[in-house]
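> Next come a sequence and a model predicted from it.
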Amino acid sequence: MRKLSALFLSAVLALSATGCELKKSDSEPPEDVETVTETETDTDTPADGETESPDADDKKETSEPVFRKYSEDDFSSIKLNINETDAAPPVDIKSVEPGKMSFGERMSPCKAEDVYQNYGSYFYAGGDESVQNTDDTRYQRALEICSKPCSGNIVDIVYLDGYFYMSVNFDDYCSLHDSSLFRYDPETSKYEEVDTRTGLDYHGCYNALCGYCGKLYYTDLRVSQDEPCNIYSYDVKTGETAEISHIDKNIAYLIPTENGLYSESYVFDTEGQDYSMEYDVIDYDTGNTIAVSEGLFGREGDRMRFFCEGEPVRVTGGYDGFEYRPVTVTTKYYKISTDLEQYIDIFAWKDRLCILNSESIENGSAKPCLYTYDLKTMERTVIDFSEYNQGIRKKSGDGIFICSQDKYEWGKSEFTLFYLMPQYGTIFKIDSGIENPYDGQSADAPYIMSMEERYGEDEFDDYYWVPKKIYWVN
């Protein structure tokens, strides 16, 4: 695992991930769940008079639904009480412990005898490069580190097009010069090395890794104010790597959206003691960058999370910084105009839409409610979501992973992992004692990952994060 020095801790510790939804389960709901009767929608008479319909004789044979437009009046409203159960969910939820994988060992090029003294102050007294600090224990520790290879350790994980891509670090000396990208197939449990970034000119371990539309994106680390932070793409089908852009900033996150690749960067003051955050959007094709305001980035950052069948969902309305407007959600299958004027989260399938909304109640506080628009039954169900709103929510398969916080102690937090079938109002308890849940900078990523925080014995073993367990729907 990457050892993080104080210089890079805040900028490097950012993990990011992206992907698309795995295939849905064909399982039926459990016996204690009320089954919602499916009814056919009338494709001849759409809600607002617009439709793109095949011939009448072919309607029942069409595998893909026609594009339809709906309003609130098209749905009958039903309230559901959420039902928590320890029963097995009607989907195949799998898990894997990445820490048990073995990636072999390598000697990072920065450990070579003629160069290792260039990558640390451990060898010199008081930072004076003319005086070697041979009596210091750090000197002996550095020699020990540089004399043996490093076992590959997972730094980051991204899901894209049915595979998990793992950034693996082989440099336990300065964390900059030797890393590889491994592809893990969750169906077969096989993994293979698909890309390598090794050399003294390379700075980083697939930093700010994310994925979008068949490509992974990442940066190197900016180790000097005189050097830019380069941004690369990796085509998962062809294996081609390209430098697409560069920014003279310390990039912490890359966030893919339909409008471009957004970057969040640390910008330090002239003394290097304080920093601010700046945001840029990078054109996928040209690499051109445009600075954007924090407010714009915040809304785009929200919208980038919403995908349906691997394609971005367009969301308009909600609070735009000045007023509340009705929320409209458009996918490649449908457009639904709601009377809700705010949203916390949105989950979209081709035949169902869920909107987590925060509603004001009499005492002025807010109560989160989950609205589910079912295009098969034409019902809109409403669930009180108050008990499950604190934590991570991520669509996976035909339901939603919810990692809800149990308790919080300084320096430690534990969560319980649930799986919600929103159309039934039933939530299944999957596991407890989840440490530091993480879902990354993801576009429809189908997994929840538990992270373990570990501390080393000296400055070569700064605290770092270990992917402990990944849960996903098969």
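Received, thanks.
> At which residues are the helices of this protein located?
In the chain, the helices defined using DSSP state H lie at 9-12, 137-146, 294-303.
> so residue 313 touches residue 327, yeah?
No. With contact defined as Cβ atoms under 8 Å, residue 313 does not reach residue 327; the gap is 11.5 Å. The C-beta positions use only the backbone N, C-alpha and C, and glycine is treated the same way.
> Which one of the helices of the chain has the poorest average confidence?
Among these, helix 9-12 has the lowest mean pLDDT, at a mean of 31.
> surely residue 423 meets residue 351?
No. Contact criterion Cβ under 8 Å: residue 423 and residue 351 do not qualify, at 9.8 Å.
> So if I had to pick from the two, which one is more boxed in?
residue 423 (23 against 16; other Cβ atoms under 10 Å).
> Return every residue with contacts to both of residue 423 and residue 351.
By Cβ atoms under 8 Å, 6 or more residues apart in numbering, residue 423 and residue 351 have these common neighbours: residue 374.
> Let me know the distance separating the closest residue in space to residue 384 that isn't next to it in sequence from residue 71.
The shortest distance from residue 384 to any non-neighbouring residue, by Cβ to Cβ, 6 or more residues apart in numbering, is to residue 369 (6.0 Å). Distance, residue 369 to residue 71, by Cβ to Cβ, to the nearest Å: 19 Å.
> Same check on residue 386?
With Cβ to Cβ as the criterion, residue 386 and residue 71 are 28 Å apart.
> Counting neighbours, go ahead and name the busier of those two.
Using other Cβ under 10 Å as the criterion, residue 386 and residue 71 rank with residue 71 on top: 15 against 12.
> so how many other residues sit close to residue 112?
12.
> pretty sure residue 251 contacts residue 229?
Yes. Residue 251 is in contact with residue 229 according to Cβ under 8 Å; the separation is 4.9 Å.
> Find residues that contact each of the two.
Residues touching both residue 251 and residue 229 (Cβ under 8 Å, 6+ apart): 219, 222, 265.
> In strands only, show me those.
Cross-referencing the shared contacts of residue 251 and residue 229 against strands under DSSP state E gives 219, 265.
> The shared contacts of residue 251 and residue 229 into CSV, with extra columns for distance to residue 137?
Formatted as CSV, the shared contacts of residue 251 and residue 229 follow (distance: Cβ to Cβ, whole Å):
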residue, distance to residue 137
219, 34
222, 31
265, 36
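> closest to residue 78 among the shared contacts of residue 251 and residue 229?
Nearest to residue 78 among these, counting by Cβ to Cβ, is residue 265 at 46.4 Å.
> List the residues that contact the spatially closest residue to the closest one that is not a sequence neighbour.
Nearest residue to residue 265, sequence neighbours excluded (Cβ to Cβ, 6+ apart): residue 249, at 3.6 Å. Residues in contact with residue 249, defined by Cβ under 8 Å, 6+ apart, are 222, 229, 263, 265, 266, 267, 278, 280.
> now do residue 313
Taking Cβ under 8 Å, 6+ apart as the criterion, residue 313 is in contact with 303, 306, 307, 329, 330, 331, 346, 348.
> same thing but at 6 Å, please
Applying Cβ atoms under 6 Å, 6 or more residues apart in numbering to residue 313 gives the contacts 306, 307, 331, 348.
> per-residue pLDDT, the residue nearest to it when sequence neighbours are not counted?
Distance criterion Cβ to Cβ, 6+ apart; nearest residue to residue 313, sequence neighbours excluded, is residue 306 at 4.0 Å. pLDDT recorded at residue 306 is 79.
> do the one 10 residues further on as well
The score at residue 316 is 87. That number is its pLDDT.
> residues near it, how many?
By other Cβ under 10 Å, neighbour count at residue 316 equals 13.
> wait, isn't it in contact with residue 328?
Yes. Assessed by Cβ atoms under 6 Å, residue 316 is found in contact with residue 328 at 4.9 Å.
> Just list whatever residues bridge to the nearest residue in space to residue 156 that is not next to it in sequence.
Nearest non-adjacent residue to residue 156, counting by Cβ to Cβ, 6+ apart: residue 167, 4.3 Å away. Using DSSP bridges, the bridge partners assigned to residue 167 are residue 156, residue 181.
> mind listing what's buried in stretch 213-220?
Along stretch 213-220, these residues count as buried under the neighbour rule (16 or more other Cβ atoms under 10 Å): 215, 216, 217, 218, 219, 220.
> Now do that stretch: distance to the chain's middle.
Offset of stretch 213-220 from its chain centre (Cα atoms, centre = their mean, to the nearest Å): 13 Å.
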